[in-house]
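Trainee: Model the structure of this input:
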Amino acid sequence: LAARMMIALRDFWFYQGYHSEAYTWGQKLFPSLDELDTILTGRFYGYFASFAWIMQNMPEAIHYFELSIETLRITDEKRYIAWALLYAMGATTNYQSRHEETLGFFHEALQLFEEVDDRAGIATLYNMVGALHQRMGNYELAADAFRQCIERSRQNGELRRVAINTMNLGKVKGLQGEPEAGSILLKEAGEIMQKIGFRYMLLYILTSYVDLLVEVNLYKEALVVASAYFSLSESLGMKIQPWSMDALNRAIDQIKKHLDTDIYQSAQTYGQSMTLERINDYTLSITLE
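Mentor: Numbers count the residues shown, from 1 in each chain. Here you go, the predicted model:
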């Protein structure tokens with residue numbers, strides 16, 4: 001019962017930012033795994049790997065993602081195997097040496113999802129494919145995948161996934177040198193996230209705003225957003241992923257070159273004072289000049 005409850009709560013814990021809580025409960029279940037059947041064991045490994053990944057325990061995450069796939073293959077349950085492959089893609093996209101392997105996961109998972117007509121799985125898969133192509137620098141392929149996910153998710157009535165991929169598409173538009181289009185998409189995503197109370201992504205979207213604001217030379221505004229992101233991540237107990245930290249550090253280096261000390265300190269203090277609701281209202285009010 002505990003394992004089933006954890007798996008059922010996975011998305012709530014993941015997307016609302018209760019990562020440490022979910023990871024801790026998962027650790028407590030390990031001594032009792034011999035009481036689970038094979039399907040539940042395989043699904044639990046995928047659950048635990050998701051939170052090991054977001055807690056930045058990468059070797060542990062990859063180990064349990066692989067164990068989840070291996071365990072579920074024994075059952076021949078196509079839907080569960082496909083979701084295990086899908087979650088594993090999230091970890092392997094971070095490693096350039098495993099990009100080809102990740103594409104292999106995509107093709108197998110897509111075939112399995114189509115066989116069982118899992119429309120949510122297919123939509124989520126295009127989200128992962130877009131993330132992979134973005135990291136590979138294939139921005140047009142990434143944008144196409146994110147659009148596919150948005151369209152399919154709208155058809156499925158999955159606003160959360162629409163919001164995530166609208167944010168992702170906005171980020172890609174910025175990378176393609178279209179900051180105005182990117183800003184419109186980020187604001188659209190932020191409005192959906194506020195509407196549905198999507199706490200974790202309301203925080204994560206700030207990283208995309210920082211990059212966009214630096215690109216259009218709004219350095220003070222970028223520092224306000226970055227400072228709020230650092231402060232809120234700490235106070236809410238949410239881990240900053242390594243790729244986000246790298247991008248933020250590069251942005252901060254650019255900001256320091258363009259702001260004098262007084263303006264820098266004032267913007268930093270202002271950002272650090274903001275609640276999640278206030279900083280998201282702030283980003284929605286920004287106009288690109």
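Trainee: Low-confidence stretches in the chain?
Mentor: 90-97, 289 (pLDDT under 70).
Trainee: Give the residue farthest from the middle of it.
Mentor: Each residue of the chain has a distance to the centre, and by CA atoms, centre = their mean the biggest one is for residue 262: 34.3 Å.
Trainee: hmm, who's touching the strand or helix carrying residue 126?
Mentor: In this structure, residue 126 sits in helix 119-135 according to DSSP states H and E. Outside helix 119-135, the residues within contact range by CB atoms under 8 Å, 6 or more residues apart in numbering are 79, 82-83, 86, 89-90, 93-94, 96, 99, 102-103, 106, 109-110, 113-114, 139, 141-146, 148-149, 152-153, 155-156, 158, 161, 164-165, 168, 171-172, 175, 243. From N, CA and C alone the C-beta is placed, and that goes for glycine too.
Trainee: What is the next helix or strand after it packed up against?
Mentor: Next helix or strand after helix 119-135 toward the C-terminus (DSSP H and E): helix 139-156. On a contact count with 3 or more CB pairs under 8 Å, 6 or more residues apart in numbering; DSSP states H and E, helix 139-156 meets helix 119-135, helix 159-175.
Trainee: before we move on, back to that, please state the offset of the helix holding residue 126 from the chain centre?
Mentor: Offset of helix 119-135 from its chain centre (CA atoms, centre = their mean, to the nearest Å): 11 Å.
Trainee: list the buried ones in it?
Mentor: 121-135 (16 or more other CB atoms under 10 Å).
Trainee: neighbouring contacts of stretch 210-230?
Mentor: 170-171, 174-175, 179, 182-183, 186, 203, 206-207, 209, 240, 247-248, 251-252, 254-255, 258-259, 263-264, 267-272, 274, 279, 282-283, 286, 288-289.
Trainee: And these, which of them are buried?
Mentor: 170-171, 174-175, 179, 182-183, 186, 203, 206-207, 209, 240, 247-248, 251-252, 254-255, 259, 264, 267-268, 270-271, 274, 279, 282-283, 286.
Trainee: What about these, which are in helices?
Mentor: Members of the buried ones among the contacts of stretch 210-230 lying in helices (criterion: DSSP state H): 170-171, 174-175, 179, 182-183, 186, 203, 206-207, 209, 247-248, 251-252, 254-255, 264, 267-268, 270-271, 279, 282-283.
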